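Colleague: Here's my sequence, what's the structure:
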Amino acid sequence: MNASPALRQDDILIVVEGAARLSWIRTGPARWRPSGLWPTREQEAEIAEHVDGGAPLLVVLAEMPTIVPLLTEELIDAPEDLMKLAEFTGYVSELRIPFLGWLPPKLRERGQRFFESTRSRATPPPVLQSPLLVEPAALGDHEHVRFARWLGTGHPPLDALAPAAHRVFSGAST
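Modeller: Below you'll find the model as predicted:
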């Protein structure tokens, strides 16, 4: 339940945006509680260094807004930064994960624009089509950062995204 939402494949960093950013710890045989939000400050600094150095970053968007329903009791011992993101409504609470909150404002806005422009295409693709819709290459600042929209069901399989990321940054079509 604590798989990272990020994968480094050669010089490419692949990040899945959404509920996968929420980390959990086991508190009992079948009990979990949220323990933090990816990235940490240190990880955020590493990402900024990666992007500022011109290395490729593929951000895969699955949902917006990301709202994780939780039992209120699961939040009792949660860290303060997570408590600030929670809305308590009785027995069930909602934790709202800030969409692309770990990116600089210009990239966050670009990612939001891409997400909004693909809303009408957010249906599961036919079997023979890719479940990944990739943003056209951007010119200018941060052209080595690309966004993609996951159209499949469930969370994007991070390991399976590596070949697609290589194609995106090699200039081949996906």
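
Colleague: quick one: T89 from L70, how far?
Modeller: Distance from T89 to L70, counting by C-beta to C-beta, to the nearest Å: 11 Å. In this view, the C-beta of every residue, glycine as well, is placed from N, C-alpha and C.

Colleague: Looking at the two, which is more packed in?
Modeller: Each of T89 and L70 has its neighbours counted (other C-beta atoms under 10 Å); L70 has more, 20 against 10.

Colleague: Please identify the helix or strand for the more buried one.
Modeller: Per DSSP states H and E: L70 is located in strand 66-71.

Colleague: For this structure, which segments are assigned as helices?
Modeller: For the chain, applying DSSP state H gives helices covering 41-52, 80-83, 105-117, 161-170.

Colleague: What are the contacting residues of the strand holding L70?
Modeller: 17-19, 21-22, 34, 86, 91-97, 99 (C-beta atoms under 8 Å, 6 or more residues apart in numbering).

Colleague: can you check stretch 111-118 too?
Modeller: Contact with stretch 111-118 is made by 17, 59, 61, 64, 99-100, 103, 133, 135, 147, 149, as judged by C-beta under 8 Å, 6+ apart.

Colleague: would you put the C-alpha positions of it in PDB?
Modeller: Extracted C-alpha coordinates of stretch 111-118, given in PDB (Å, rounded to 0.1, in the frame of the first residue of the first chain):
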ATOM      1  CA  GLY A 111      -0.900  20.500 -16.400                       C
ATOM      2  CA  GLN A 112      -4.400  21.800 -15.400                       C
ATOM      3  CA  ARG A 113      -5.000  23.200 -18.900                       C
ATOM      4  CA  PHE A 114      -4.000  19.900 -20.500                       C
ATOM      5  CA  PHE A 115      -6.200  18.000 -18.000                       C
ATOM      6  CA  GLU A 116      -9.200  20.200 -18.700                       C
ATOM      7  CA  SER A 117      -8.700  20.000 -22.500                       C
ATOM      8  CA  THR A 118      -8.900  16.200 -22.300                       C
END
